[in-house]
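Trainee: no FASTA, just this:
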């Protein structure tokens, strides 16, 4: 085990996935938490950002008509969502009442993308490196997942009497179009296009690989890592042996 903090764990096998290809969900969960903590140090003129891992949306996979349904199954799904949100917020003592951007990492069909509640523009923005294929509506591609999250998160904020709940009334779904979207990427876009750029742009591939190394080091050396002394000691030993 190389990382343990706030009940999140990453082993050597998880960090090995940072080399290339698909990244371990354990790493993604830890990175979301670290990003939220790092944002606490933002400058006063910067918007407040909050990052939730894919665990939250996974609770909604089987949800249907959460807005009106009062069935036992619907209540259980919503309760699981609340527990997942509460856990991620309470683990780092985070208040989201003044957040400007709330990101949800989504993992479906072995593919990561993001949904962001942008309270500055009143839009729930779907950010995906893969474009919507021609002749297919975005709403069909995402199987109404944005609508599910919009309803569920609104209910959660209302239950918690969070000031953001009022802003949810004007929130509309927006499918973002970016010039770097492509169909060829088979790797989660959180870490981008390693396989594609290996052939197209060796400099960019090197840059992306160095980013992964930077992220791995940031996770390992985070103050949130209770195993940091152990990791530091082991690193020094390895360095001595290499000389």
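Mentor: Yep, that arrived. These numbers come from a predicted model, not from an experiment.
Trainee: CA atoms for contacts and neighbours, from now on please.
Mentor: Fine.
Trainee: the spatially most central residue of the chain pairs with what?
Mentor: Residue closest to the average C-alpha location in the chain (C-alpha atoms, centre = their mean): residue 105, at 3.0 Å. For residue 105, the beta-bridge partners under DSSP bridges are residue 114.
Trainee: now do the contacts for it.
Mentor: 51, 52, 53, 54, 57, 112, 113, 114, 115 (C-alpha atoms under 8 Å, 6 or more residues apart in numbering).
Trainee: looking at pLDDT only, which of those scores worst?
Mentor: By pLDDT, residue 112 ranks lowest within the contacts of residue 105, coming in at 87.
Trainee: roughly how far does that one sit from residue 155?
Mentor: 25 Å (C-alpha to C-alpha, to the nearest Å).
Trainee: those two - which one has more neighbours?
Mentor: residue 112 (23 against 18; other C-alpha atoms under 10 Å).
Trainee: surely the more buried one meets residue 106?
Mentor: Yes - with contact defined as C-alpha atoms under 8 Å, residue 112 reaches residue 106; the gap is 5.5 Å.
Trainee: neighbours of the nearest residue to residue 37 once chain neighbours are set aside, how many?
Mentor: Nearest non-adjacent residue to residue 37, counting by C-alpha to C-alpha, 6 or more residues apart in numbering: residue 92, 7.3 Å away. Residue 92 has 14 neighbours, counted by other C-alpha under 10 Å.
Trainee: so residue 92: helix, strand or coil?
Mentor: coil (DSSP: H, G, I helix; E, B strand; the rest coil).
Trainee: OK, contacts around it?
Mentor: Residue 92 sits in contact with 6, 33, 37, where contact means C-alpha under 8 Å, 6+ apart.
Trainee: please tell me how far it sits from residue 26.
Mentor: 17 Å.
Trainee: tabulate the contacts of residue 92 in JSON lines, adding columns for pLDDT.
Mentor: As requested, the contacts of residue 92 are exported to JSON lines (pLDDT from 0 to 100):
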{"residue": "6", "pLDDT": "90"}
{"residue": "33", "pLDDT": "96"}
{"residue": "37", "pLDDT": "95"}
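Trainee: buried sites along the strand or helix carrying residue 241?
Mentor: Per DSSP states H and E, residue 241 falls inside helix 228-242. Burial within helix 228-242, assessed by neighbour count using 16 or more other C-alpha atoms under 10 Å, is assigned to 228, 231.
Trainee: cool, and stretch 18-34?
Mentor: Result for stretch 18-34 [16+ other C-alpha under 10 Å]: buried residues 18, 20, 22-23, 25, 27-34.
Trainee: contacts only, for residue 45.
Mentor: Per C-alpha under 8 Å, 6+ apart, neighbours of residue 45: none.
Trainee: quick check on it: phi, psi?
Mentor: Main-chain torsions, residue 45, degrees, to the nearest 10: phi -90, psi 0.
Trainee: and it, how far from residue 117?
Mentor: Residue 45 is 19 Å from residue 117, by C-alpha to C-alpha.
Trainee: next one: residue 89
Mentor: When residue 89 is compared with residue 117 (using C-alpha to C-alpha), they lie 16 Å apart.
Trainee: cool, and residue 101?
Mentor: 6 Å.
Trainee: more neighbours: these two, which one.
Mentor: residue 117 (26 against 19).
Trainee: ok but that one is inside a strand, no?
Mentor: Yes - note on residue 117: a strand contains this position according to three-state DSSP.
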